[in-house]
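Trainee: Pasted the sequence and its predicted model underneath.
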Amino acid sequence: MAAPILSFENLGLSQGTHWLFRNLDIFVGERDRLALIGRNGAGKTTLLKLIAAQIEPDEGNRSVRPGARVIMLEQDPDVSGFATLRDFALAGRFAPPAHEVDAIASQLGTDLNREAATASGGERRRAAIARALASEPDLLLLDEPTNHLDIDAIDWLEGWLSRYTGAFIVISHDRAFLTRLTRQTLWLDRGGIRRNEIGFGGFEEWMEAVYAEEARAAEKLDAKLKIEAHWLERGVTARRKRNQGRLAKLWEMRAQRAAMVGPQGVAKIAVASDDNKTKSVITAEHVTKNFGDRTVIKDFSLRIQRGDRIGIVGGNGAGKTTLLKLLTGELAPDSGQVKQAKSLDMIFIDQQRSLMQPDKRVRDVLAEGGDWIDVRGVRKHVHGYLKEFLFDPSLAEARVGTLSGGERSRLLFAREFARESNLLVLDEPTNDLDLETLDLLQEVIADYEGTVLIVSHDRDFLDRTVTVTLGLDGSGTVDVIVGGYADWVAKRQPKNAPRQEKKAAAPPPQKSAATKLSYKDQRDFDLIPQRIEEIEAAIARDEEALADPNLYSRDPKKFDALTKAIEKARAEKDAAEERWLELAEKAEELGA
């Protein structure tokens with residue numbers, strides 16, 4: 001067996017008064033393709049910087065094979081001090097050859113003569129990719145390499161990495177990217193690290209097995225420890241089960257939408273004005289938009305119905321933002337017309353997360369400093385609501401400026417999704433998110449009762465979320481495709497070309513011979529949502545009491561009773577949610 005390119009023994013790094021991680025053993029072989037997985041705040045980027053020797057550990061030994069080149073592609077490349085992107089790309093410890101840098105930059109479609117100070121995030125990222133790949137690395141460390149890249153650039157990078165003969169470690173929220181490229185997984189979790197010789201495609205099954213074993217072991221712990229250390233894992237496990245049902249529902253929604261879309265991709269269904277469920281919220285008729293001599297959008301027509309989930313995809317400059325602005329009324333067409341429903345109440349969440357003020361507390365952002373928040377008409381305690389968005393309740397007093405980029409995004413989602421609205425617009429929502437938060441975002445979108453417009457380059461996210469994809473290739477034509485990104489790709493391929501494998505979200509539900517729910521099932525279906533709300537309110541009340549730091553020493557019996565009550569209520573809530581989901585799927589199968 002060949003010696004590893006790099007290894008760590010007993011790696012440890014302290015952060016303030018505690019250890020971020022400790023006793024980590026890591027090795028990287030010659031052809032390893034490692035996915036580095038972990039929640040926001042687990043220390044993934046910090047670990048990459050330790051491996052790259054950009055920071056020094058507090059404990060442990062680092063060993064690198066003599067002559068090996070370890071190159072890191074950072075998430076936010078620092079181009080300060082460089083006049084142009086070319087100057088930046090040709091700098092660095094291993095000074096890459098100019099012709100290689102130019103060749104890669106050309107493939108990525110970026111102009112290295114651009115002034116560094118005014119370059120966009122995507123332009124900086126492409127220059128950094130050109131520098132890293134042209135440096136002939138033996139080990140390539142990639143921190144969110146697909147952020148700020150369009151789909152064409154991501155496809156090119158995937159192709160390059162698939163031919164690359166060295167090793168790499170990659171942090172990414174892009175499931176499709178990870179699944180196609182990785183062969184091993186490093187899982188950074190609660191200060192420890194696990195390695196498995198499977199790629200990301202097998203990670204979730206492995207994770208569920210680990211959590212199931214921990215849940216069995218947790219039965220031997222006292223209730224307080226179970227609440228503090230395991231509520232999140234249980235929530236993630238239950239969420240994944242619910243998402244399987246939501247994916248089945250997505251198939252049904254796509255099948256229903258397919259009946260409304262003609263062969264040329266133009267919605268042809270008439271509007272039933274007396275039926276709110278089929279009411280149009282946005283109608284575009286023969287819309288054209290030009291900028292100078294260039295036609296960005298050409299003769300585009302679509303009727304967007306209430307409940308549609310619309311994904312907008314295409315390369316940089318193809319017209320995604322223009323189309324989004326036309327649909328939302330921010331931009332007027334040169335010809336044709338766009339009509340929005342008068343009752344439209346829009347929430348817009350942009351990729352800059354510009355609404356988060358760093359000096360405010362989390363409690364201030366969510367509840368204006370109070371203890372309760374109104375979530376679309378339902379009153380919830382701020383601690384309980386934070387848990388729904390994967391936060392530790394203790395973060396209610398934290399300043400926004402102390403949160404990671406992913407945590408700020410999650411906090412923004414929590415605040416905005418609490419508001420009453422019927423149109424949700426998301427511009428690159430998956431940037432800076434970890435995989436658990438992406439699962440949560442998919443869940444929230446699936447449960448959202450209004451219409452959703454999503455601009456994204458995350459192919460897996462679109463395949464799991466949208467009912468209709470608007471694909472732009474830069475020619476002005478907009479393809480209207482029922483389904484997700486994979487469906488758009490399949491439509492674009494020549495008939496004699498091999499079809500890209502399409503990921504099956506879930507099999508279409510089988511039709512039942514029955515015609516309606518039984519009396520008991522219908523009664524449960526109608527009453528369970530109210531019962532879940534009652535359970536959530538009870539949990540919030542008990543958690544508020546349990547938050548008293550002196551309760552255990554003052555009244556241990558009450559502390560024990562509250563922890564047991566919370567555990568019992570959570571189990572009842574999980575069972576109720578599973579029962580309701582089963583009934584919802586059955587109702588959909590029966591056409592109820």
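Mentor: Arrived safely.
Trainee: now the residue nearest in space to the middle of the chain: how far from Val444?
Mentor: Central residue of the chain (CA atoms, centre = their mean): Leu438, 2.9 Å from the mean position. In this view, Leu438 and Val444 are 11 Å apart by CB to CB, to the nearest Å. The way it works is simple: take the backbone N, C-alpha and C, and place the C-beta from them, glycine included.
Trainee: what does Ala130 give?
Mentor: Here the criterion is CB to CB. By it, Ala130 lies 37 Å from Val444.
Trainee: Ok, Gly336 next?
Mentor: According to CB to CB, Gly336 stands 33 Å off from Val444.
Trainee: Please apply the same query to Ala587.
Mentor: Ala587 is 22 Å from Val444, by CB to CB.
Trainee: repeat for Lys586
Mentor: 24 Å.
Trainee: what bits of the stretch 351-500 of the chain have low per-residue confidence?
Mentor: 351-355, 494-500 (pLDDT under 70).
Trainee: Break this protein into its domains for me.
Mentor: Taking automatic domain parsing as the reference, the chain has its domains at 6-210, 221-247+514-590, 277-345+423-495, 356-420.
Trainee: show me where the stretch 251-400 of the chain has helices.
Mentor: Ranges of helices within the stretch 251-400 of the chain are 320-328, 362-367, 382-388, based on DSSP state H, counting those that start in this stretch.
Trainee: can you put the ones you listed in CSV and add mean neighbour count?
Mentor: Shown next, in CSV, are the helices of the stretch 251-400 of the chain (neighbours: other CB atoms under 10 Å):
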stretch, mean neighbour count
helix 320-328, 20
helix 362-367, 21
helix 382-388, 20
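Trainee: So which of those is nearest Thr451?
Mentor: Nearest to Thr451 among the helices of the stretch 251-400 of the chain is helix 320-328; the distance by CB to CB comes to 10.2 Å.
Trainee: can you give me the strands in the stretch 401-550 of the chain?
Mentor: Counting by DSSP state E, counting those that start in this stretch, one finds strands in the stretch 401-550 of the chain at the ranges 423-427, 451-455, 468-472, 478-482.
Trainee: and among these, the most buried is which?
Mentor: With neighbours taken as mean count of other CB atoms under 10 Å, those reach their highest mean count in strand 468-472, at a mean of 25.
Trainee: before we move on, back to that, among Ala130 and Val444, which residue is more densely surrounded?
Mentor: Comparing Ala130 with Val444 by other CB atoms under 10 Å, the one with more neighbours is Ala130, at 27 against 17.
Trainee: Could you list every helix and strand in contact with the helix or strand that contains the more buried one?
Mentor: Taking DSSP states H and E as the criterion, Ala130 maps to helix 121-134. Packing contacts for helix 121-134, counted by 3 or more CB pairs under 8 Å, 6 or more residues apart in numbering; DSSP states H and E, involve strand 70-73, helix 85-89, helix 98-108, helix 151-163.
Trainee: Would you mind listing the buried residues in the longest one?
Mentor: What that stands for is helix 151-163. Ile151, Asp152, Ala153, Ile154, Trp156, Leu157, Glu158, Leu161 (16 or more other CB atoms under 10 Å).
Trainee: Not counting the helix or strand just after it itself, show me its contacts.
Mentor: Using DSSP H and E, the helix or strand that follows helix 151-163 in sequence is strand 167-171. With CB atoms under 8 Å, 6 or more residues apart in numbering as the test, strand 167-171 has contacts from 5, 28-36, 44-45, 48, 51, 75, 138-145, 161, 177-178, 181-182, 186.
Trainee: Inside helices: which ones of these?
Mentor: If you go by DSSP state H, those have Lys44, Thr45, Leu48, Ile51, Leu161, Phe177, Leu178, Leu181 in helices.
Trainee: Distance of the closest residue to the fifth one other than its chain neighbours relative to Glu136?
Mentor: Counting by CB to CB, 6 or more residues apart in numbering, the nearest residue to Leu161 once its immediate chain neighbours are dropped is Leu181, at 5.5 Å. From Leu181 across to Glu136, the span is 19 Å (CB to CB).
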